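In: this is a predicted model, with the sequence first.
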Amino acid sequence: MTALVIDGLRKTFGGVKAVRDLSFTIEPGSVTGLMGPNGAGKSTVLDLVCGVTKPDAGSISIFGEDTAGLRADQVTRLGVARTYQVIRLTTGLTAVQQVITGCYLQRETSLLASILQMPWARQRRREIEDIAMYLLDRVGMADRADILAEAMSYGEQRRVEIARALGSNPMLLLLDEPTAGMNVQEADRIGTLIQALRDDGLSILLVEHSMRMVADYCDHAVVMNFGAKITEGPPADCLDDEKVQDAYFGRQRDADSQ
Amino acid sequence: MQWLSDFWAAYGSLAGLAMVNAVFALACYATLSTGVLSFAPVAFGAVGGILAAQLVLHTTIPLALIVLCGGMAGLGFAMLLAPALLRVEGHWTALATVALVLVTRVVVRNVPALTGGDNGLTVTRPLSMAVPVVTLLCVMLGFRALHHSWYGIASRVVRDDPAVAAGLGINIRQTRLIGFGVSGFAGGLAGVLLVLVQQFVSPDSFYVHVAFVMITGAVIGGSFHWLGPVLGAIAVTLLPALTETLVPDSQDIGSGIALLLALVFLPRGLFDPRVVLLQLSLAQATRTRDPRYERR
Amino acid sequence: MESFVAQIVNGCALGGIYALFGIAFGMMFSTLGVLNAAMGSYASIAAIVGLFAADDLALPFSLALGIGVFYAAVIAVLVDQLAFQPLRRQGGGLISSLIASMGFWVILDGLAGYATRQPGLNFPVEIMPSFVIQFGQVQLPAMQIVSLGAIVLVTTGAYAVIARSRFGSAMRAVGYHPDTAAIAGVNVRRVAIYTALMSGGIAGLAGVLAGVTTGTFNAALGQGLMLKGMTAAVIGGYADVRLVAIAGILFGVVEVLCASYVPAGFRDGFAYVLLIGFLLLRHRSLLGGLRLGRT
């Protein structure tokens, strides 16, 4: 079943058309790059998919379920997880605790059992801790599990955030510029991780500003500008597309021809 | 040395009051830890306290059961109010609960059958110090258990960033409803204790000053761990007694100043586990930092 | 019939005082984002200082009123600069400023209680303006005229400042988004000081008038006034002074009319029930244009 179907999506903020008639789909087990210059409406699309903001028109369905009328937490329960463009980790929690918050949907015990610390609740709690450690290990942060997120470098925080997103055991992962501000080596580590997650069967929407990341790590690309899709297809073709070049580098040829 | 002996003479009832206020402060912390400032525990306390007064006067139920009844009554009242209060955005909830405190007093004054009206009711039941001590300890244990439960973990995210919490699948409304339930139960218990410790209930027992002590305790003590409000409430109860010996008639002015100083200079309160954690983390971070992934 | 008209006028005068307070409260909230629980204390202090001026210094009523208003305004600026300004700089948000204002509420009420040490205070009758104007069958006592005049003057004045003046546009800019306003060249601190000065003064005016109208008052005068003024501000929707004024006046009229039918003890409860009801029911439309998304 298709991981994500976006059809005729439209969103206006006080007269600014942030998203106009956007449609695309994500095949299961693939990495789709959503790219475009700054202000193209990429993050707005993520917010709409997650149910943080409601679309003015159009529909979104995740693994065949229409998300219209669902709250953000209900959308998450359909198997969606995300990271944020500006890191939003919880203050005062260590790396492993951050990932445990991400495992909320896997808690499996009733509130009362959890409060009374029943044996099975303790058991589940230990399992969750193991899951969290495993996920930290996956993003290469196992040795920093007990460090407060605030005390970490920027790149490390990004990786903790990805581990937290994986905590809910999602089927569709939305990454909002996970490599922004990183150097090439760090970005490549994230790229390798993304491909490993895809090979595990996750469907991934990678919002990216960087053409290189999309070219190197995505199976499919969607390019937006001014809230509308300008093209989509295999990443290499998209990047060569004239309209994409225009969107990113300005209308150089127009200026030349005049 | 006269003031010293006076101070000790007053200390006994103060200790009882300090414990009552600690439970009130924990009731306030219960919602605050989900990101909702609410003064409703005053009203929950009134419900629990008045019920307890009636039970003491008209029945011979053992005290432990009366205390429990008060807690349940507070819980019930909280679950009745919470859905309405949570419809409103954060600071409006705070304001609505301030109004609730004032309405409570009007109601209490005007139903003399229950409360004795303006004159109040004397509640005569000899009270051993064990009752407030045991209750406070039980409440603290309860909060410790909550802190480590999945609700405790979820509430920290909800308070820090509700949008992120929703993104993790946490039902914000449900988390806050649980917070209100805990607040109602603790508030009800605190109300019973207040009546039992003071052996008296009147419309002024549950009024703005309780709300003030509650919030001051939580802010000064620190509202990021359950131990903070307990310490804060005890400090806030003892502080007026101290300032009174230095400046007579100073009332709550000292607490007010302490509250303001804490807000500006100690925004996370006296007891903040994060401070220690941050020091440890920074030490460990510099020790184990991997130079390959360093950005700067 | 005359008595009914007299009651309406009476309600308008009383409601005018609530409306004054509501305007002060709403101004502070819509411009600086502070729900100021200490504002009732400004009113109490203005009434007490006004009484001292009238009683001990034997000043005429108009001067005593002016001194009370001046005191309240100065205290409002002090509170703003001592508590709200540091919190603004830290980005403390609405909740922390609300808590800070509760701190000042207790401090100021404590000081006011300390200063008076008396259960009941009275403005001396002989210095009051005591003329009566006759409108057909209806008599208008001087104090009612003063209250009605005050609300009309303050409403038009505040509206002129906020909606028409250059400073008013700075106020609205700060209310909309302080950081953006600062970038656009607005001196946010100056706006904060003048807003606190104005709202403190208006709250003080309400306090003195309430003190005179109530007859016997004490340091808790401001508490009751605050709840009713706040109700007016909530019903009127904060941002528009004209609506707040109308809401306050209507509230006063309804209260006076209700007094004939509702048991005395529940009369105050009525105000609070109205306040809670409006807070819970009208919150969406109320919050519409204001910046309240963040905590």
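Out: Everything's here; your move.
In: and C:Ala182, what does it touch?
Out: By C-beta atoms under 8 Å, 6 or more residues apart in numbering or on different chains, the contact set of C:Ala182 is C:Val188. The C-beta positions use only the backbone N, C-alpha and C, and glycine is treated the same way.
In: and it, how close does it get to C:Ala170?
Out: 11 Å (C-beta to C-beta, to the nearest Å).
In: what does B:Val106 give?
Out: Taking C-beta to C-beta, one finds B:Val106 at 41 Å from C:Ala170.
In: C:Ala73 now?
Out: 19 Å.
In: what does A:Pro55 give?
Out: Taking C-beta to C-beta, one finds A:Pro55 at 37 Å from C:Ala170.
In: now C:Thr155
Out: 21 Å.
In: next one: B:Val192
Out: 53 Å.
In: tell me which of those two has more neighbours.
Out: B:Val192 (34 against 21; other C-beta atoms under 10 Å in any protein chain shown).
In: what's opposite the residue in the stretch 151-258 of chain A that chain C sits nearest to in the beta bridge?
Out: Residue of the stretch 151-258 of chain A nearest chain C, by C-beta to the nearest C-beta: A:Asp176 (19.5 Å). Taking DSSP bridges as the rule, A:Asp176 bridges to A:Val207.
In: so which bits of the stretch 151-258 of chain A are right by chain B?
Out: A:151-156, A:164, A:167-168, A:181-183, A:185-186, A:189 (C-beta under 8 Å from any C-beta of the partner chain).
In: just the buried subset of those, please.
Out: The neighbour-count test (16 or more other C-beta atoms under 10 Å in any protein chain shown) marks A:Ala151, A:Met152, A:Ser153, A:Gly155, A:Glu156, A:Arg164, A:Gly167, A:Ser168, A:Met182, A:Glu186, A:Arg189 as buried among those.
In: tabulate these (CSV), appending pLDDT and secondary structure.
Out: Output for those, formatted as CSV (pLDDT from 0 to 100; DSSP: H, G, I helix; E, B strand; the rest coil):
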residue, pLDDT, secondary structure
A:Ala151, 89, helix
A:Met152, 89, coil
A:Ser153, 87, coil
A:Gly155, 86, helix
A:Glu156, 90, helix
A:Arg164, 96, helix
A:Gly167, 95, coil
A:Ser168, 93, coil
A:Met182, 84, coil
A:Glu186, 86, helix
A:Arg189, 90, helix
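In: quick one: low-confidence parts of chain C?
Out: For chain C, residues meeting the criterion pLDDT under 70 lie at C:1-2, C:118-119, C:264-269, C:271, C:282-295.
In: residue ranges of the helices in the stretch 101-250 of chain A, please?
Out: Ranges of helices in the stretch 101-250 of chain A, per DSSP state H, counting those that start in this stretch, are A:111-115, A:119-138, A:154-166, A:184-199, A:211-217, A:235-240, A:242-249.
In: pretty sure C:Val188 is touching C:Tyr176, no?
Out: No - the criterion here is C-beta atoms under 8 Å, and C:Val188 misses it with C:Tyr176 at 11.9 Å.
In: more neighbours: which of those two?
Out: Between C:Val188 and C:Tyr176, C:Val188 has the larger neighbour count (other C-beta under 10 Å), namely 17 against 14.
In: contact partners for the more buried one?
Out: C:Arg88, C:Val174, C:Pro178, C:Ala181, C:Ala182.
In: tell me which of those is nearest to chain B?
Out: Closest to chain B, out of all of these and judged by C-beta to the nearest C-beta, is C:Arg88, at 11.0 Å.
In: hang on, that closest one packs against C:Ile193?
Out: No - using C-beta under 8 Å, C:Arg88 is not in contact with C:Ile193, being 11.9 Å away.
In: any idea how far A:Gln245 lies from A:Val214?
Out: Counting by C-beta to C-beta, the gap from A:Gln245 to A:Val214 is 14 Å.
In: who has more neighbours, the two?
Out: A:Val214 (25 against 15).
In: list the contacts for the more buried one?
Out: Contacts of A:Val214 by C-beta under 8 Å, 6+ apart are A:Gly33, A:Met35, A:Leu206, A:Glu208, A:Ala221, A:Pro235, A:Cys238, A:Leu239.
In: and these near chain C, which?
Out: Okay, of these, nothing touches chain C (C-beta under 8 Å from any C-beta).
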